[in-house]
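> When you get a sec, could you give me coordinates for this:
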Amino acid sequence: MSRVLIVGAGPTGSLCAALLRREKKDAVKITVWDKARGAGGRMSTYRPPDPSCHSADLGAQYVSVSPSYAQSHSSVYAELQSCGVLRPLDALIQGSQHRDSRDFVCPQGMSAISRHYLSQAGADLCFENHVTALYRSGASWEVHRKLGRSQSFDAVVLTMPVPQILQLEGDLEEMLSVQQREQLDGVVYSSRFALALFFGPDVSLSFPWVARYVSDNPCICYIALDSSKRNAVEPGCGPSLVVHTSVPFGLQHLEEDKEDVEPIILQELHRLLPGLPRPISIKCQKWRYSQVLTPVPDTPGQMTVHTEPLLVCGGDGFSHSNLDGCVESALSVLEVLKASL
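A predicted model of the protein is given here:
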């Protein structure tokens, strides 16, 4: 039985795990590690400690599907809709530029996409497992992590952001060709901050939109009444409001502590929405690697670093920064795994 480690429980890693299970059945042992506390990656959903508050999507806000991907990935969207993971977004998103796309929301939060596929994968799933190094050991990979003993695998799939792949210690660096290293060094991500405000059940927020793109503010570029955007009813829970900063603002404050940046964002938010009630709690998230601005050239979906034992890299850095990019990458990685295992 081949032992496969997938690093990253975001959309690419979770879909890859599910597809591999469907393809290989019981002929493969799949392990998924992620350094976060839960699934989703940059499509994560945060649930505040207070049970009277609605959860909030801190990363990706909704899924936009172009006509071409709606056709080529029709089985993906049919499955996610039939399971209730995706639902058409029918409310107004003010300032949206997706004229020809069809938009979907996740009533249970964006992380539900990854959670759905992980439930199908039959994988040994471990969170708060931060991979630090990869060493070749005969016909396998010895994978080190911050906490816990190292483990050996016959194949390793890396789906985290490209800069985090390049930070891994061990034998990866010397196995990259000059061209591969140049391609990985050329991948560029935007950076931003996200802020979620959680209100009590006695608070009612009403706007003419469920989400709004802001074009004339140096700090904030997007605001969403998250509970209304998802059209999700959590009985006894108050609304949640999500704010994303602009890319220039994120770059300007990237090296600052998020606790120091939070008051700046709040000040701008109150200028945009005067009279906003006082929240019960606030969650600030710094996305150092938010969206891919420049992927690997020609967007191959994956990069095979070594064949025996197999080491392959995937994720939106090898395609493009949306769910369809993650699907494309997962499909590309699957083909490599099928040919190798």
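
> rest of the way, CA atoms for contacts and neighbours
Noted.

> longest helix anywhere in the chain?
In the chain, taking DSSP state H as the definition, the longest helix is helix 323-340.

> helices or strands up against it?
In terms of contacts (3 or more CA pairs under 8 Å, 6 or more residues apart in numbering; DSSP states H and E), helix 323-340 is packed against helix 11-24, strand 302-306, strand 310-314.

> Distance of residue 315 relative to residue 212?
Computed with CA to CA, to the nearest Å, the distance linking residue 315 and residue 212 is 28 Å.

> So between those two, which is more surrounded?
residue 315 (31 against 19; other CA atoms under 10 Å).

> Could you give the number of residues near the nearest residue to that one once chain neighbours are set aside?
Nearest residue to residue 315, sequence neighbours excluded (CA to CA, 6 or more residues apart in numbering): residue 159, at 4.8 Å. Neighbours of residue 159 under the rule other CA under 10 Å: 32.

> I am assuming residue 159 contacts residue 5, so please confirm or correct that.
No. The criterion here is CA atoms under 8 Å, and residue 159 misses it with residue 5 at 10.7 Å.

> What residues sit buried inside stretch 240-250?
Buried residues in stretch 240-250, counting neighbours by 16 or more other CA atoms under 10 Å, are found at 240-247, 249-250.

> Any chance of the residues you listed in JSON lines with pLDDT and secondary structure as columns?
Formatted as JSON lines, the entries for these read as follows, by pLDDT from 0 to 100; DSSP: H, G, I helix; E, B strand; the rest coil:
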{"residue": "240", "pLDDT": "95", "secondary structure": "strand"}
{"residue": "241", "pLDDT": "97", "secondary structure": "strand"}
{"residue": "242", "pLDDT": "98", "secondary structure": "strand"}
{"residue": "243", "pLDDT": "98", "secondary structure": "strand"}
{"residue": "244", "pLDDT": "98", "secondary structure": "strand"}
{"residue": "245", "pLDDT": "98", "secondary structure": "strand"}
{"residue": "246", "pLDDT": "97", "secondary structure": "coil"}
{"residue": "247", "pLDDT": "95", "secondary structure": "helix"}
{"residue": "249", "pLDDT": "98", "secondary structure": "helix"}
{"residue": "250", "pLDDT": "97", "secondary structure": "helix"}
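
> Looking at the residues you listed, which is nearest residue 13?
Nearest to residue 13 among the buried residues of stretch 240-250 is residue 244, at 25.0 Å by CA to CA.

> so the closest one bridges to which residues?
With DSSP bridges as the criterion, the beta-bridge partners of residue 244 are residue 194, residue 222.

> what does residue 152 give?
For residue 152, the beta-bridge assignment (DSSP bridges) gives partners residue 142.

> That one: how many residues sit nearby?
With other CA under 10 Å as criterion, residue 152 counts 19.

> Distance check, it against residue 158.
Using CA to CA, one gets 15 Å for the distance from residue 152 to residue 158.

> any low-confidence regions in the chain?
Low-confidence segments of the chain, defined by pLDDT under 70: 98, 233.

> Apply 90 and report the result again.
By pLDDT under 90, the weakly predicted segments of the chain are 1, 49, 51, 90-92, 96-101, 206, 227, 231-236.

> So what does the residue nearest the centre of it look like in phi/psi?
The centre of the chain sits closest to residue 42, judged by CA atoms, centre = their mean, with a distance of 2.5 Å. Dihedral angles of residue 42 (phi, psi; degrees, to the nearest 10) stand at phi -80, psi 0.

> To what extent is the closest residue to it other than its chain neighbours buried, counted in neighbours?
Taking CA to CA, 6+ apart as the measure, residue 42 lies nearest to residue 59, with 5.1 Å between them; neighbours along the chain are not counted. If you count neighbours by other CA under 10 Å, residue 59 ends up with 26.
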